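S.K.: What follows is a predicted structure for the sequence shown.
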Protein chains: 2
Amino acid sequence: MAEELQRQIVSGELAPGSPLPSETELSQDFGISRTSVRNAIRELKERGLVRSEQGKGTFVRPQRPRVRRVNTSRYQWEKDRVKASEDERRSTGGTERDTGLEMKELRFHVDYQTVPASGELADALGIPEDTPVLQRTYQTTANSEDAALSMSRSYIPLAIIEGNPDLLDSTNEPWPGGTQHQLSTVGVEIAKIIDEVQARPPLPDEREVLKIDATGVSVLALRKTSIDTTGRVVEVADAVYAGDRTELVYEIPLKRWKRP
Amino acid sequence: MAEELQRQIVSGELAPGSPLPSETELSQDFGISRTSVRNAIRELKERGLVRSEQGKGTFVRPQRPRVRRVNTSRYQWEKDRVKASEDERRSTGGTERDTGLEMKELRFHVDYQTVPASGELADALGIPEDTPVLQRTYQTTANSEDAALSMSRSYIPLAIIEGNPDLLDSTNEPWPGGTQHQLSTVGVEIAKIIDEVQARPPLPDEREVLKIDATGVSVLALRKTSIDTTGRVVEVADAVYAGDRTELVYEIPLKRWKRP
DNA sequence: GAGTGGTCTAGACCACTGT
DNA sequence: CAGTGGTCTAGACCACTCC
């Protein structure tokens, strides 16, 4: 039954967004038990083809287009923007650049906390365990959708930024110019960023915030490590994106061969 | 029941690799039906915690360490190697570099075919639809494991490489020095590589080859587009990695600010 | 209240594994 | 052969949605 329904979905016989027949109907049509119908539907969910809502029905999942995040040029763009005027910086942020949405169409949720660095994090930041770090938690949501575009958590050793109290105040968010500008106010210039990309099943809270309703859909987990011009790690950020709505892009220029 | 077993697994009470009690035992111990036991076990599979084998039992999944693929330096390394001696090129390949395994510990499976470019592929290559392209399918497997490390398919317009008949002969694989060296024999120098990374549920054949036994585990799908010094797309390659055993890494250097 | 999907039980047979 | 997980049936009750 899963095969047959999959055929109808990919061929377009069952349009995106349209409901499947109810489970009792399907069990009669195909002459199988409801348990088997549910197993088949579960397979379709795992393949990301359908979505069920209790009390309403099961629907063909419309494929939302993937947001392309071209991180190579994005990071350089963020750096270049540090030197722009405040007006210019205030007018647009990184997410708008990726999604093509305007700033007023986006909602941000921010939370600042000072916490001691756990072992793994301390390792990544190259600092002793339990050193205080500023932990900033972000959620970005498009007003037109109820699903968050991303969840991320950034960690910066407190020692690096305590010179500027504005950086410890979450009411200054969204900060015009982003993290690279924030760090520039305490004299930090980022020289290199390392992205580590993993795919894994979502945690329960990630599933909820990113509205990942289909089992089988993973998240893209990105750890971004920012290194300044002295080789010191100044920020570690963990971001999570819905795997079915995100594409990460990296452009890698190669050194030219010497001409003969 | 899923919660209780998860607790035992993460706490280490149930050691990695050890078997769970059988489904009938569990249903008696917890006083629930076997169907419910199976539902709970399915949840654990989705979270990647256990693996079932028919006729044998259900086991706590040992977490295999992730292979780090640092693509930024990998691509440059491959390019530099083109200029190395054949002996040197013959001695080691890219996969060995990533995994730390030696060449004799790896098995390759290669298949060459000439096919007309489909619409999407023709777009990506910037050529008219149905232009003939060389399609090369690779599977790399470590001898010590039965799961393939990666599956990939590379497409090169035939017109670019037909000048060197050796490039059309799959018995020359594994080619010492890899694709960048192959292309160099027909005068092509790669100037830029674009990686596009997605996470998605595995297709049935990918699930089998990569031995992705846990539902809920996605694959990392990488499209690599190679562009030569004239701005022409010379190769498009689609690679698929097991999401739970792979980490993709990109190092992005940023341009320095001008000194005052 | 009628209809939906979510959860559950009790029991059957099959395919596969090991001894 | 006994024991395992994989598949299946038939039926029950619950939580939720919508009219």
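M.R.: Great, that's in hand.
S.K.: In three-state terms, how would the residue of the stretch 151-260 of chain A found nearest DNA strand D be classified?
M.R.: As assessed by Cβ to the nearest atom of the strand, DNA strand D sits closest to A:Asp213 within the stretch 151-260 of chain A, at 13.0 Å. Yep, even glycine has a C-beta here, placed from its N, CA and C like the rest. At A:Asp213 the chain is in coil, as set by DSSP: H, G, I helix; E, B strand; the rest coil.
S.K.: gap between it and chain B?
M.R.: Distance, A:Asp213 to chain B, by Cβ to the nearest Cβ, to the nearest Å: 14 Å.
S.K.: got a list of what that residue touches?
M.R.: A:51-52 (Cβ atoms under 8 Å, 6 or more residues apart in numbering or on different chains).
S.K.: Could you count how many residues lie near A:Gln63?
M.R.: 11 (other Cβ atoms under 10 Å in any protein chain shown).
S.K.: Kindly report the same for A:Leu44.
M.R.: Neighbour count of A:Leu44, defined by other Cβ under 10 Å: 24.
S.K.: My guess is it contacts A:Val50. True?
M.R.: Yes - if you go by Cβ atoms under 8 Å, A:Leu44 and A:Val50 touch, sitting 4.6 Å apart.
S.K.: which neighbours do those two share?
M.R.: Counting by Cβ under 8 Å, 6+ apart, the shared contacts of A:Leu44 and A:Val50 are A:5, A:9.
S.K.: show me where pLDDT drops low in chain A?
M.R.: Counting by pLDDT under 70, the ranges of chain A that qualify are A:95, A:99-105, A:143-147, A:259-260.
S.K.: Would you mind naming what in it lies close to DNA strand C?
M.R.: With Cβ under 7 Å from any atom of the strand as the criterion, chain A meets DNA strand C at residues A:20, A:22-25, A:34-35, A:38, A:41, A:52-58.
S.K.: can we see that at 6 Å?
M.R.: Residues of chain A lying close to DNA strand C (Cβ under 6 Å from any atom of the strand) are A:20, A:22-24, A:35, A:38, A:52, A:54-55, A:57-58.
S.K.: which among these end up buried?
M.R.: Buried members of the residues of chain A next to DNA strand C, scored by 16 or more other Cβ atoms under 10 Å in any protein chain shown, are A:20, A:23, A:52, A:58.
S.K.: Counting only strands, which of the residues of chain A next to DNA strand C make the cut?
M.R.: Counting by DSSP state E, these place A:52, A:57-58 in strands.
S.K.: quick check, the helix or strand A:Asp80 falls within touching chain B?
M.R.: Using DSSP states H and E, A:Asp80 maps to helix A:71-82. Yes - legend: contact between helix A:71-82 and chain B by Cβ under 8 Å from any Cβ of the partner chain is shown at A:71-72, A:75-76, A:79.
S.K.: from those residues, which would you call buried?
M.R.: With burial judged by 16+ other Cβ under 10 Å, the buried subset of the residues of helix A:71-82 next to chain B is A:71-72, A:75, A:79.
S.K.: ok, residues contacting the helix or strand hosting A:Ala159?
M.R.: Per DSSP H and E, A:Ala159 falls inside helix A:158-161. Helix A:158-161 is contacted from outside by A:114, A:131-134, A:167-168, A:182-183, A:186, A:188, A:234, using Cβ under 8 Å, 6+ apart.
S.K.: Please apply the same query to stretch A:20-37.
M.R.: A:1, A:4-5, A:14, A:38, A:41, A:50, A:57-60, B:35.
S.K.: rerun at 7 Å
M.R.: Contact with stretch A:20-37 is made by A:1, A:38, A:50, A:57-59, as judged by Cβ atoms under 7 Å, 6 or more residues apart in numbering or on different chains.
S.K.: One more: stretch A:174-188?
M.R.: The contact list for stretch A:174-188 (Cβ under 7 Å, 6+ apart) reads A:78-79, A:81-82, A:86, A:89-90, A:93-94, A:108, A:154, A:160-161, A:163-164, A:167, A:190, A:228, A:234-235.
S.K.: Chain A against DNA strand D: which residues are in contact?
M.R.: By the rule Cβ under 6 Å from any atom of the strand, the part of chain A lying against DNA strand D is A:32-36, A:39, A:54-56.
S.K.: In helices only, show me those residues.
M.R.: A:34-36, A:39 (DSSP state H).
S.K.: What is the nearest of the buried ones among the residues of chain A next to DNA strand C to A:Arg223?
M.R.: A:Ser52 (32.9 Å; Cβ to Cβ).
S.K.: where do the helices sit along the stretch 1-150 of chain A?
M.R.: Counting by DSSP state H, counting those that start in this stretch, the stretch 1-150 of chain A has helices at residues A:2-11, A:23-30, A:34-46, A:71-82, A:86-91, A:94-99, A:119-125.
S.K.: With distance to B:Trp257 as new columns, can these be given to me in CSV?
M.R.: Output for the helices of the stretch 1-150 of chain A, formatted as CSV (distance: least, Cβ to Cβ, whole Å):
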stretch, distance to B:Trp257
helix A:2-11, 51
helix A:23-30, 62
helix A:34-46, 49
helix A:71-82, 8
helix A:86-91, 16
helix A:94-99, 19
helix A:119-125, 23
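S.K.: And these: which comes nearest B:Thr141?
M.R.: In terms of Cβ to Cβ, the element of the helices of the stretch 1-150 of chain A nearest to B:Thr141 is helix A:34-46, at 25.6 Å.
S.K.: angle of that closest one against helix A:23-30?
M.R.: 100 degrees (axes from the mean of the first three to the mean of the last three Cα atoms, to 10 degrees).
S.K.: circling back to that earlier point, any idea which of the residues of chain A next to DNA strand D is closest to A:Arg64?
M.R.: A:Arg64 lies nearest to A:Lys56 out of the residues of chain A next to DNA strand D, by Cβ to Cβ, at 19.3 Å.
S.K.: if I look at that closest one, how far off is A:Ser73?
M.R.: Using Cβ to Cβ, to the nearest Å, we find A:Lys56 at a distance of 42 Å from A:Ser73.
S.K.: Those two - which one has more neighbours?
M.R.: A:Ser73 (13 against 8).
S.K.: got the contact list for that one?
M.R.: With contact set as Cβ under 7 Å, 6+ apart, A:Ser73 has these partners: A:Glu251.
S.K.: just the one 4 residues further on next, same as before
M.R.: For A:Trp77, the residues meeting the contact criterion (Cβ under 7 Å, 6+ apart) are A:Arg97.
S.K.: rerun at 8 Å
M.R.: Contacts of A:Trp77 (Cβ under 8 Å, 6+ apart): A:94, A:97.
S.K.: quick one, phi psi at the closest residue to A:Gln76 other than its chain neighbours?
M.R.: Ranked by Cβ to Cβ, 6 or more residues apart in numbering or on different chains and with sequence neighbours excluded, the top spatial neighbour of A:Gln76 is B:Leu254, at 5.7 Å. Torsion angles at B:Leu254 (phi, psi; degrees, to the nearest 10) stand at phi -110, psi 150.
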